[in-house]
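> Generate a structure from the sequence data that follows.
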Amino acid sequence: MVDFLAQADALSEKLIARRRDLHRHPETAFEEVRTAGIVADALRELGLEVQTGVGKTGVVAILEGAQDGPTVLVRADMDALPIHEENDFDYASQSAGKMHACGHDGHTSIALGVAELLSGRRDSLAGRVKFVFQPAEEVGRGAQAMVSDGVLRDPHPDVTMGLHLWNSLPYGEIGIADGATMAGATVFHIRIIGKGSHAASPHLGIDPVVCAAQIINAFQTIVSRNIDPMDTLVISITKVNAGDTHNVIPQTAELTGTVRAFSRQVRDLAFERMKTIAEQVAAAFGCTAELRYEHLTIPVINHPQVTEKLRSLFAAQTEVTRLDLNARTMGSEDVSLFMDDIPGVYFFVGARDPQQSEYYGHHHPRFSIDERALVLGTALLTSAVASYVLSEG
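Residues are numbered from 1 along each chain as shown. Down below sits the predicted model:
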């Protein structure tokens, strides 16, 4: 078996330097022009066939083996978040209001490391590797943009792989659950229409704010009374808008939030109940309610056979201290579109920064990672891909 950990370790300085450069220059959804340019140039230097502008700012590259075989898709997301960084690293963000606060800079560096390690073995590859560097994951639209541009065609992948640096797990721990591992997410908007009036004369109006409060409370019964206790559902109202001043009962109120579930059946039941509750509670208060929603992502489902194959590989790595077989999150990821009807695995690489005195999770302005995870992530993802296209992998 090839010692990809030793080979990845030899790339350590490059992996860290590239990640830090990307961290200094974060780019948000569909603005990843500089990042895409760096990625495309690095892949061309490796002799790969590169296509840019896929899904607006995405990059796709094919590493063709000497022999025929399966096509493995390796996906990495590139975008940053609209967050002002509060870290004082010398490589902290130089772009005001933008930050890599979810590890995508590391994902990009790792995938380029995988491309470098495998490109040196192309004569031994039986099949091909399709590297997909995706924009706009954080807004849930990048994968769909690339799919619409044909990323899953010519060639169609036989298996999909990806990883997420996960700083709630310490270095050495790998999260690789079977089945649903990340939730699908849907954003919803509810507009409640009442009748405005002076705040001193509520009896002359129909208060949509009171109605909105009752709808918010009633939605919580969907989780506790309509969903099987063995299933999982999160309904979060994250935005409430109503009124413009202190002495006017407004005409309308608006609610915005998300629904997250591990299955489409649970999600669909939730929206069926939300529509009924919103409309009927509104009617009881003399209001009307309109529910709109948009499915951003579907659940990330790890294929059992691929998962089992990779667990065996990862357990043999000396730097892996523990496999977390139940690592799941209600967070969402549009990598799921690359795994819908395509066998695949999306796993978590422990990356908690031991130098931080306090834990700061994903999307926090002081988010950080243990950069040793870049080497381990590169080794694990390379060995996973090699197990499908390299006889000695």
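
> so what's the closest residue to Ile342 other than its chain neighbours bridging to?
Spatial nearest neighbour of Ile342, excluding adjacent residues (CB to CB, 6 or more residues apart in numbering): Thr160 at 5.1 Å. To be clear about C-beta, it is placed using only N, CA and C from the backbone, and glycine gets the same treatment. Judged by DSSP bridges, the bridge partners of Thr160 are Leu73, Gly344.

> ok, now the one 5 residues further on?
The bridge-partner assignment for Leu165, based on DSSP bridges, gives Val349.

> Secondary structure element holding Leu255?
With secondary structure defined by DSSP states H and E, Leu255 is part of strand 252-261.

> try Met274
Using DSSP H and E, Met274 falls in helix 264-284.

> what's the next secondary structure element after that helix?
Helix 264-284 is succeeded, C-terminally, by strand 288-295 (DSSP H and E).

> For whichever helix or strand comes after that next one, give me every contacting residue.
Under the assignment DSSP H and E, the closest C-terminal helix or strand after strand 288-295 is strand 300-302. Residues from elsewhere that reach strand 300-302 (CB atoms under 8 Å, 6 or more residues apart in numbering): 176-182, 332-333, 335-336, 339, 344-347.

> quick one: which of these is nearest to Ile216?
Ser332 (21.9 Å; CB to CB).

> what secondary structure does the residue nearest to Asp178 when sequence neighbours are not counted sit in?
Closest residue to Asp178 apart from its sequence neighbours, by CB to CB, 6+ apart: Thr307 at 4.9 Å. Using DSSP: H, G, I helix; E, B strand; the rest coil, the structure places Thr307 in helix.

> what separates Thr307 from Glu138, distance-wise?
26 Å (CB to CB, to the nearest Å).

> got the contact list for Thr57?
So Thr57 contacts Phe30, Glu31, Glu32, Val33, Thr35, Ala36, Met78, Pro135, Ala136 (CB under 8 Å, 6+ apart).

> change it to 7 Å
For Thr57, the contacting residues are Phe30, Glu32, Val33, Ala36, Pro135, by CB atoms under 7 Å, 6 or more residues apart in numbering.

> any idea how far Arg18 is from the nearest residue to the third one once chain neighbours are set aside?
What sits nearest to Val33 in space, not counting adjacent residues and going by CB to CB, 6+ apart, is Thr57, at 6.2 Å. Using CB to CB, one obtains 18 Å as the distance from Thr57 to Arg18.

> domains for this structure, by residue range?
Here the domain parsing of the chain from automatic domain parsing is 4-181+299-389, 184-295.

> Let me have the ones you listed in TSV, adding mean pLDDT as columns.
Below are the domains of the chain laid out as TSV (pLDDT from 0 to 100):
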stretch	mean pLDDT
domain 4-181+299-389	98
domain 184-295	98
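
> most tightly surrounded among those?
Highest mean neighbour count of the domains of the chain: domain 4-181+299-389, a mean of 20 (counted as mean count of other CB atoms under 10 Å).

> So what does the residue most central in space within the chain look like in phi/psi?
The chain has Glu333 as the residue nearest its centroid, 2.9 Å off, counting by CA atoms, centre = their mean. The phi/psi pair for Glu333 (degrees, to the nearest 10) reads phi -160, psi 130.

> pretty sure it contacts Ala183?
No. With contact defined as CB atoms under 7 Å, Glu333 does not count as touching Ala183 (8.9 Å).

> measure Ser391 to Leu73 for me?
20 Å.

> List the contacts of Val151.
Val54, Val60, Val132 are the contacts of Val151 under CB under 7 Å, 6+ apart.

> Now tabulate those in CSV and tack on secondary structure and distance to Ile215.
Shown next, in CSV, are the contacts of Val151 (DSSP: H, G, I helix; E, B strand; the rest coil; distance: CB to CB, whole Å):
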residue, secondary structure, distance to Ile215
Val54, strand, 41
Val60, strand, 44
Val132, strand, 40
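
> what would these look like in a markdown table with distance to Leu269?
Below are these laid out as a markdown table (distance: CB to CB, whole Å):
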| residue | distance to Leu269 |
| --- | --- |
| Val54 | 36 |
| Val60 | 37 |
| Val132 | 33 |
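
> Spell out which strands sit alongside the strand holding Leu255 in the sheet and which way each one runs.
strand 184-193 (antiparallel), strand 233-242 (antiparallel).

> Show me what that strand is in contact with.
Counting by CB under 7 Å, 6+ apart, 183-194, 208-209, 212, 215-216, 232-242, 267, 270-271, 330, 332 sit against strand 252-261.

> same thing but 6 Å
183-193, 208-209, 212, 233-242, 267, 270, 330 (CB atoms under 6 Å, 6 or more residues apart in numbering).

> now stretch 107-120
Here stretch 107-120 has contacts from 7, 11, 15, 18-19, 22, 42, 46, 63, 74, 76-78, 131, 374, 377-378, 381-382, using CB under 6 Å, 6+ apart.

> Val159 is in contact with Pro343, isn't it?
Yes. Assessed by CB atoms under 6 Å, Val159 is found in contact with Pro343 at 5.2 Å.

> how far away is the closest residue to Leu380 other than its chain neighbours from Arg322?
Spatial nearest neighbour of Leu380, excluding adjacent residues (CB to CB, 6+ apart): Phe314 at 5.8 Å. Going from Phe314 to Arg322 by CB to CB gives 10 Å.

> Tell me the secondary structure at His203.
helix.

> Which parts of the chain are helices?
Ranges of helices within the chain are 4-10, 12-24, 33-45, 104-119, 142-148, 208-221, 264-284, 304-315, 372-389, based on DSSP state H.

> would JSON lines of these with distance to His295 be doable?
Shown next, in JSON lines, are the helices of the chain (distance: least, CB to CB, whole Å):
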{"stretch": "helix 4-10", "distance to His295": "37"}
{"stretch": "helix 12-24", "distance to His295": "30"}
{"stretch": "helix 33-45", "distance to His295": "27"}
{"stretch": "helix 104-119", "distance to His295": "22"}
{"stretch": "helix 142-148", "distance to His295": "10"}
{"stretch": "helix 208-221", "distance to His295": "18"}
{"stretch": "helix 264-284", "distance to His295": "8"}
{"stretch": "helix 304-315", "distance to His295": "25"}
{"stretch": "helix 372-389", "distance to His295": "28"}
